[in-house]
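Asks: fold the following for me, if possible:
(2 chains)
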Amino acid sequence: HSALTQTASVSASPGQSITISCTGTSSDIGTYDLVSWYQQLPDKAPKLIIYEVKKRPSGVSNRFSGSKSGNTASLTISGLQADDEADYYCSSFVGGSTFVIFGGGTKLTVL
Amino acid sequence: EVQLLESGGGLIQPGGSLRLSCEVSGFRFSNYAMNWVRRTPANGLEWVSGITGGGVGTYYTDSVKGRFTISRDNSKSTLFLQMDSLRAEDTALYYCVRGRPRGDFDYWGQGTLVTVSS
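Replies: Next comes the predicted model:
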(Lines give C-alpha, C1' and ligand atoms only; values in the text may rest on other atoms or scores of the structure.)
Protein backbone atom coordinates (compact mmCIF):
# COMPACT_ATOMS: atom_id res chain seq x y z
CA HIS A 1 0.00 0.00 0.00
CA SER A 2 1.26 3.44 -0.91
CA ALA A 3 0.68 6.48 1.25
CA LEU A 4 -2.56 8.39 0.80
CA THR A 5 -2.30 11.61 -1.22
CA GLN A 6 -2.95 14.99 0.35
CA THR A 7 -2.37 18.49 -0.91
CA ALA A 8 0.80 19.77 0.73
CA SER A 9 -0.59 23.08 1.88
CA VAL A 10 -3.70 25.21 1.98
CA SER A 11 -4.36 28.71 3.25
CA ALA A 12 -7.45 30.73 4.03
CA SER A 13 -8.64 33.66 6.10
CA PRO A 14 -10.39 33.53 9.47
CA GLY A 15 -14.09 32.80 9.15
CA GLN A 16 -13.74 31.01 5.82
CA SER A 17 -14.24 27.29 5.21
CA ILE A 18 -11.69 24.95 3.71
CA THR A 19 -11.73 21.36 2.54
CA ILE A 20 -8.71 19.07 2.62
CA SER A 21 -8.84 16.02 0.40
CA CYS A 22 -7.22 12.66 0.90
CA THR A 23 -7.01 10.33 -2.08
CA GLY A 24 -6.44 6.62 -1.84
CA THR A 25 -7.38 3.58 -3.86
CA SER A 26 -10.05 0.92 -4.04
CA SER A 27 -7.90 -1.15 -1.64
CA ASP A 28 -8.04 1.34 1.21
CA ILE A 29 -10.40 4.32 1.32
CA GLY A 30 -12.60 2.80 -1.37
CA THR A 31 -13.10 -0.39 0.61
CA TYR A 32 -13.25 0.70 4.23
CA ASP A 33 -15.32 3.38 5.94
CA LEU A 34 -12.44 3.65 8.39
CA VAL A 35 -10.88 6.98 7.55
CA SER A 36 -9.50 9.09 10.37
CA TRP A 37 -8.19 12.64 10.53
CA TYR A 38 -5.59 14.00 12.92
CA GLN A 39 -4.67 17.56 13.79
CA GLN A 40 -1.08 18.26 14.78
CA LEU A 41 -0.50 21.69 16.26
CA PRO A 42 3.09 22.98 16.27
CA ASP A 43 5.23 21.03 18.73
CA LYS A 44 2.26 18.98 19.90
CA ALA A 45 1.25 15.37 19.53
CA PRO A 46 -1.34 14.51 16.87
CA LYS A 47 -4.95 14.66 18.02
CA LEU A 48 -7.78 12.52 16.64
CA ILE A 49 -10.50 14.83 15.27
CA ILE A 50 -12.49 12.54 12.95
CA TYR A 51 -12.85 8.75 12.90
CA GLU A 52 -14.85 6.31 10.82
CA VAL A 53 -15.12 8.93 8.06
CA LYS A 54 -17.40 11.39 9.83
CA LYS A 55 -17.58 10.74 13.56
CA ARG A 56 -16.18 13.30 16.01
CA PRO A 57 -14.63 12.31 19.34
CA SER A 58 -16.09 13.94 22.39
CA GLY A 59 -14.81 17.48 22.79
CA VAL A 60 -13.97 18.10 19.14
CA SER A 61 -15.64 21.15 17.65
CA ASN A 62 -18.50 20.62 15.21
CA ARG A 63 -16.65 22.99 12.88
CA PHE A 64 -14.74 19.87 11.83
CA SER A 65 -16.59 17.45 9.56
CA GLY A 66 -15.60 14.49 7.43
CA SER A 67 -16.96 12.78 4.35
CA LYS A 68 -16.03 10.25 1.72
CA SER A 69 -16.80 9.62 -1.92
CA GLY A 70 -15.28 6.70 -3.72
CA ASN A 71 -11.54 6.61 -3.09
CA THR A 72 -11.36 10.14 -1.70
CA ALA A 73 -12.03 11.35 1.81
CA SER A 74 -12.42 14.98 2.81
CA LEU A 75 -12.07 17.07 5.94
CA THR A 76 -13.96 20.35 6.06
CA ILE A 77 -13.20 23.04 8.61
CA SER A 78 -15.76 25.80 8.79
CA GLY A 79 -15.45 29.19 10.48
CA LEU A 80 -11.66 29.06 10.43
CA GLN A 81 -9.88 30.29 13.52
CA ALA A 82 -6.26 31.23 14.04
CA ASP A 83 -5.68 28.24 16.31
CA ASP A 84 -6.77 25.86 13.55
CA GLU A 85 -3.36 26.50 11.98
CA ALA A 86 -1.77 23.05 12.05
CA ASP A 87 -0.81 20.01 10.04
CA TYR A 88 -3.68 17.69 9.19
CA TYR A 89 -3.21 14.01 8.41
CA CYS A 90 -5.67 11.48 7.06
CA SER A 91 -5.38 7.75 7.56
CA SER A 92 -7.18 4.64 6.40
CA PHE A 93 -7.44 1.18 7.81
CA VAL A 94 -6.14 -1.35 5.28
CA GLY A 95 -5.81 -4.47 7.39
CA GLY A 96 -3.24 -7.19 7.02
CA SER A 97 0.36 -6.52 7.91
CA THR A 98 0.14 -2.87 6.85
CA PHE A 99 -2.78 -2.16 9.20
CA VAL A 100 -3.07 1.62 8.67
CA ILE A 101 -1.68 4.03 6.11
CA PHE A 102 -1.40 7.80 6.45
CA GLY A 103 -1.43 10.68 4.06
CA GLY A 104 1.60 12.93 3.76
CA GLY A 105 -0.12 15.73 5.66
CA THR A 106 -1.57 19.12 4.75
CA LYS A 107 -0.24 22.29 6.31
CA LEU A 108 -3.09 24.72 6.99
CA THR A 109 -2.17 28.37 7.25
CA VAL A 110 -4.74 30.80 8.58
CA LEU A 111 -3.90 34.17 7.04
CA GLU B 1 -6.32 11.68 32.73
CA VAL B 2 -4.69 9.54 30.08
CA GLN B 3 -0.93 9.98 29.84
CA LEU B 4 1.65 8.28 27.62
CA LEU B 5 5.28 9.09 28.29
CA GLU B 6 7.95 7.87 25.88
CA SER B 7 11.65 7.59 26.62
CA GLY B 8 14.76 5.95 25.24
CA GLY B 9 15.40 7.94 22.10
CA GLY B 10 18.76 9.40 21.19
CA LEU B 11 21.59 9.58 18.70
CA ILE B 12 22.80 6.19 17.50
CA GLN B 13 25.14 5.02 14.78
CA PRO B 14 23.86 2.98 11.84
CA GLY B 15 23.69 -0.68 12.78
CA GLY B 16 23.15 0.13 16.43
CA SER B 17 20.28 -0.64 18.79
CA LEU B 18 17.89 1.35 20.95
CA ARG B 19 15.02 0.38 23.22
CA LEU B 20 12.09 2.74 23.47
CA SER B 21 9.73 2.66 26.43
CA CYS B 22 6.30 4.15 26.99
CA GLU B 23 4.81 4.42 30.47
CA VAL B 24 1.05 4.68 30.44
CA SER B 25 -1.49 5.83 33.00
CA GLY B 26 -5.14 6.80 33.14
CA PHE B 27 -6.71 3.68 31.63
CA ARG B 28 -6.65 -0.10 31.98
CA PHE B 29 -3.57 -0.76 29.87
CA SER B 30 -4.20 -4.44 29.22
CA ASN B 31 -7.58 -3.70 27.61
CA TYR B 32 -6.07 -1.87 24.66
CA ALA B 33 -3.89 -2.56 21.69
CA MET B 34 -0.88 -0.26 21.58
CA ASN B 35 1.17 1.01 18.69
CA TRP B 36 4.26 2.90 17.67
CA VAL B 37 3.84 5.54 14.97
CA ARG B 38 6.74 7.64 13.69
CA ARG B 39 6.97 11.01 12.03
CA THR B 40 9.66 12.08 9.60
CA PRO B 41 10.04 15.42 7.82
CA ALA B 42 10.02 13.67 4.46
CA ASN B 43 7.19 11.19 4.87
CA GLY B 44 4.99 12.51 7.65
CA LEU B 45 3.33 9.88 9.81
CA GLU B 46 3.95 6.15 9.42
CA TRP B 47 2.52 3.31 11.48
CA VAL B 48 5.46 1.19 12.63
CA SER B 49 4.21 -1.58 14.89
CA GLY B 50 1.29 -2.73 17.00
CA ILE B 51 0.55 -5.22 19.74
CA THR B 52 -2.70 -6.64 21.07
CA GLY B 53 -3.83 -6.02 24.64
CA GLY B 54 -2.68 -9.38 25.87
CA GLY B 55 0.58 -9.16 23.99
CA VAL B 56 0.06 -12.27 21.91
CA GLY B 57 -0.40 -10.59 18.53
CA THR B 58 2.36 -8.38 17.15
CA TYR B 59 2.43 -6.56 13.83
CA TYR B 60 5.02 -4.60 11.88
CA THR B 61 5.31 -2.47 8.81
CA ASP B 62 7.42 -4.22 6.17
CA SER B 63 10.42 -1.90 6.46
CA VAL B 64 11.07 -2.85 10.12
CA LYS B 65 10.20 -6.55 10.08
CA GLY B 66 13.04 -8.62 11.47
CA ARG B 67 14.73 -5.55 13.00
CA PHE B 68 12.18 -4.15 15.47
CA THR B 69 10.38 -6.02 18.25
CA ILE B 70 7.34 -4.66 20.07
CA SER B 71 6.44 -5.92 23.54
CA ARG B 72 4.53 -4.87 26.63
CA ASP B 73 4.52 -5.41 30.38
CA ASN B 74 0.91 -5.14 31.47
CA SER B 75 1.88 -5.39 35.15
CA LYS B 76 3.80 -2.12 34.71
CA SER B 77 1.57 -0.50 32.06
CA THR B 78 4.59 -0.11 29.83
CA LEU B 79 5.08 -0.54 26.09
CA PHE B 80 8.45 -1.22 24.50
CA LEU B 81 10.05 -1.10 21.07
CA GLN B 82 13.40 -2.84 20.65
CA MET B 83 15.07 -1.39 17.58
CA ASP B 84 18.05 -3.28 16.13
CA SER B 85 20.12 -2.84 12.96
CA LEU B 86 19.07 0.78 12.82
CA ARG B 87 19.31 2.65 9.53
CA ALA B 88 19.41 6.32 8.64
CA GLU B 89 15.85 6.07 7.35
CA ASP B 90 14.66 5.07 10.83
CA THR B 91 15.43 8.61 11.99
CA ALA B 92 12.11 9.97 13.26
CA LEU B 93 10.05 11.13 16.18
CA TYR B 94 8.49 7.97 17.62
CA TYR B 95 5.07 8.20 19.21
CA CYS B 96 3.46 5.74 21.58
CA VAL B 97 -0.20 5.53 20.59
CA ARG B 98 -3.32 3.83 21.93
CA GLY B 99 -5.16 1.99 19.21
CA ARG B 100 -8.79 1.14 18.67
CA PRO B 101 -10.08 -1.90 16.80
CA ARG B 102 -11.20 0.01 13.75
CA GLY B 103 -7.81 1.49 12.99
CA ASP B 104 -7.81 4.87 14.66
CA PHE B 105 -5.53 6.15 17.38
CA ASP B 106 -7.15 8.10 20.16
CA TYR B 107 -4.30 8.96 22.53
CA TRP B 108 -0.74 9.90 21.62
CA GLY B 109 2.38 10.57 23.64
CA GLN B 110 4.63 13.54 22.99
CA GLY B 111 7.19 11.40 21.19
CA THR B 112 10.84 10.48 21.60
CA LEU B 113 13.39 11.42 18.93
CA VAL B 114 15.58 8.77 17.35
CA THR B 115 18.45 9.97 15.19
CA VAL B 116 20.50 7.41 13.29
CA SER B 117 23.71 8.97 12.03
CA SER B 118 27.43 8.41 12.02
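Asks: so B:Glu89, which of the three states?
Replies: Secondary structure, DSSP: H, G, I helix; E, B strand; the rest coil: B:Glu89 is helix.
Asks: tell me the centre residue of chain B?
Replies: B:Trp36 (2.8 Å; CA atoms, centre = their mean).
Asks: so A:Asp83 sits in a helix?
Replies: Yes. Looking at A:Asp83 with three-state DSSP, it is inside a helix.
Asks: show me the contacts for A:Leu4.
Replies: Residues near A:Leu4 by CB atoms under 8 Å, 6 or more residues apart in numbering or on different chains: A:Cys22, A:Thr23, A:Gly24, A:Asp28, A:Ile29, A:Cys90, A:Ser91, A:Ser92, A:Ile101, A:Phe102, A:Gly103, A:Gly104. Using the backbone N, CA and C atoms, a C-beta is placed for each residue, glycine as well.
Asks: identify the residues contacting the residue nearest to it when sequence neighbours are not counted.
Replies: Nearest residue to A:Leu4, sequence neighbours excluded (CB to CB, 6 or more residues apart in numbering or on different chains): A:Gly103, at 3.8 Å. Neighbour list for A:Gly103: A:Ala3, A:Leu4, A:Thr5, A:Gln6, A:Cys22, A:Tyr89, A:Cys90, A:Ser91, B:Gly44 [criterion: CB under 8 Å, 6+ apart].
Asks: excluding chain neighbours, what is closest to the residue of chain B found nearest chain A?
Replies: Going by CB to the nearest CB, chain A is nearest to B:Gly103 of chain B, at 3.0 Å. The shortest distance from B:Gly103 to any non-neighbouring residue, by CB to CB, 6+ apart, is to A:Phe93 (3.0 Å).
Asks: hang on, that neighbour packs against A:Leu34?
Replies: Yes. At 3.6 Å, A:Phe93 counts as touching A:Leu34 under the criterion of CB atoms under 8 Å.
Asks: list residues touching both of these two?
Replies: By CB under 8 Å, 6+ apart, the residues touching both A:Phe93 and A:Leu34 are B:Arg102, B:Gly103, B:Asp104.
Asks: next, the contact list for residue 26, please.
Replies: I'll assume chain A. A:Asn71.
Asks: let me rephrase: I mean chain B.
Replies: Going by CB under 8 Å, 6+ apart, B:Gly26 touches B:Glu1, B:Val2, B:Gln3.
Asks: same deal with A:His1?
Replies: A:Thr25, A:Ser27, A:Asp28, A:Val94, A:Thr98, A:Ile101.
Asks: the closest residue to chain B within chain A bridge partners, please.
Replies: With CB to the nearest CB, the shortest gap between chain A and chain B falls at A:Phe93, namely 3.0 Å. For A:Phe93, the beta-bridge partners are A:Val100 (DSSP bridges).
Asks: residues near B:Asn31, how many?
Replies: 10 (other CB atoms under 10 Å in any protein chain shown).
Asks: cool, the one 4 residues further on as well?
Replies: Look at B:Asn35: counted by other CB under 10 Å, it has 24 neighbours.
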